[in-house]
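A.B. asks: Generate coordinates for the sequence data below:
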Amino acid sequence: MRRPRPGRTEAMKVQLAVVQMVSSDVVADNLARAGSLLEQAAAGGAELVLLPENFALMGRDEKAKLAIMERDGDGPIQSWLAAQAQRLGLWLVGGSMPLAAADGRCYAACLVFDPTGQRQARYDKMHLFDVDLPGGESYRESRTIAPGSSPVAVATPWGRLGLSICYDLRFPELYRSYAGAELLVVPSAFTRQTGAAHWECLLRSRAIENQAYVLAADQGGLHENGRQTFGGSMIIDPWGQVLARLDQGEGVALAQADGEFLQRCRSNLPALRHARPAFYGA
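C.D. replies: Have a look, this model is predicted:
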């Protein structure tokens, strides 16, 4: 794996990958499929790979995740993530998985592992999907998920990586807290309805506003619980251009991030330097 020298972001190039799944209610099956897709990403030269939200389980009901939640730092899904990162020599961003909260709920946690299998970061989903959509589609994540309370960015060999999960995408304030980060990740299980309306435009906006590469790995198909997720996993550059995209079903999308291009975008249109947060109010 290339390890660029500190301060040389403009010279960094890295092959990125997003993994799209149609996860079931059987953890072992999901991990087997995810492992195969990670191998496909590694064979394509990927050095930084993102799994989708709920990659290990899309349960028959919302309580199903509580049956497999793990203590922080101890459990088979966490061990599996660490082993895959080490086995394939990847920086692996583990979408989301349930980690136990003190009140009996779980956190939807995004874990980042380096190529030695060491965990480098944990981010807990801050914004919970409690919505009533047209057509009677309704969700109440807060019944089983406890909200996180702080943004998390992690240093990688290619710059800072800002973490988020799914519904977080609708809150640009979170991403602005990552201003200057070279990479942003959005593991998701967007519904088909909301994805068709808003997925791509929101992702491209986050890339443009923050002049960063955005990796978005979605669930993409019909699940055993009857839920239909949108798919459309993609990688977007700092100018808002979609470099790689999937449609429905399982798959891997690959694209290269170019630090020189990123720095040129920021230099030619220095919007991050022009921001005046002191005047924006709460």
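A.B. asks: Pull the residues that contact the longest helix along the chain.
C.D. replies: Taking DSSP state H as the criterion, the chain has its longest helix at helix 27-43. Contact with helix 27-43 is made by 17, 19, 21, 23-24, 49, 51, 55-57, 68, 77, 80, 84, 88-90, 92, 250-252, 254, as judged by C-beta atoms under 8 Å, 6 or more residues apart in numbering. Backbone N, C-alpha and C define where each C-beta goes, glycine included.
A.B. asks: Which of the residues you listed fall within helices?
C.D. replies: Of those, the ones assigned to helices by DSSP H are I68, I77, W80, Q84, L88.
A.B. asks: which SSE is Q263 in?
C.D. replies: Using DSSP states H and E, Q263 maps to helix 259-268.
A.B. asks: so how far is that helix from its chain's centroid?
C.D. replies: The chain centre lies 23 Å from the centre of helix 259-268; the measure is C-alpha atoms, centre = their mean, to the nearest Å.
A.B. asks: do stretch 185-196 as well
C.D. replies: Remark: stretch 185-196 is offset 11 Å from the chain centroid, using C-alpha atoms, centre = their mean.
A.B. asks: mind listing what's buried in stretch 137-149?
C.D. replies: Y139, E141, T144, I145, A146, G148 (16 or more other C-beta atoms under 10 Å).
A.B. asks: what's the span of it from first residue to last?
C.D. replies: End-to-end distance of stretch 137-149 (C-alpha to C-alpha, to the nearest Å): 27 Å.
A.B. asks: average model confidence for it?
C.D. replies: Mean per-residue pLDDT for stretch 137-149: 97.
A.B. asks: which residues are contacting it?
C.D. replies: For stretch 137-149, contacts defined as C-beta under 8 Å, 6+ apart pick out 62-63, 65-66, 98, 101, 103, 105-108, 123-133, 167, 191, 193.
A.B. asks: Narrow the residues you listed to those that are buried.
C.D. replies: 65-66, 98, 101, 105-108, 123-129, 167, 191.
A.B. asks: Can you show me the strands along the stretch 51-200 of the chain?
C.D. replies: For the stretch 51-200 of the chain, applying DSSP state E, counting those that start in this stretch gives strands covering 91-93, 97-100, 106-113, 119-124, 130-132, 138-140, 153-156, 159-163, 183-185.
A.B. asks: Just the CA coordinates for the second one, please, in CSV.
C.D. replies: The one in question is strand 97-100. The C-alpha trace of strand 97-100 is given here as CSV (Å, rounded to 0.1, in the frame of the first residue of the first chain):
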residue,chain,number,x,y,z
MET,A,97,-23.4,-2.4,12.6
PRO,A,98,-25.2,-2.4,16.0
LEU,A,99,-23.2,-1.8,19.1
ALA,A,100,-24.9,-1.9,22.5
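A.B. asks: Can you name every helix or strand that that strand contacts?
C.D. replies: Under the contact definition 3 or more C-beta pairs under 8 Å, 6 or more residues apart in numbering; DSSP states H and E, strand 97-100 sits against helix 64-68, helix 76-88, strand 106-113.
A.B. asks: Good, wrapping up.
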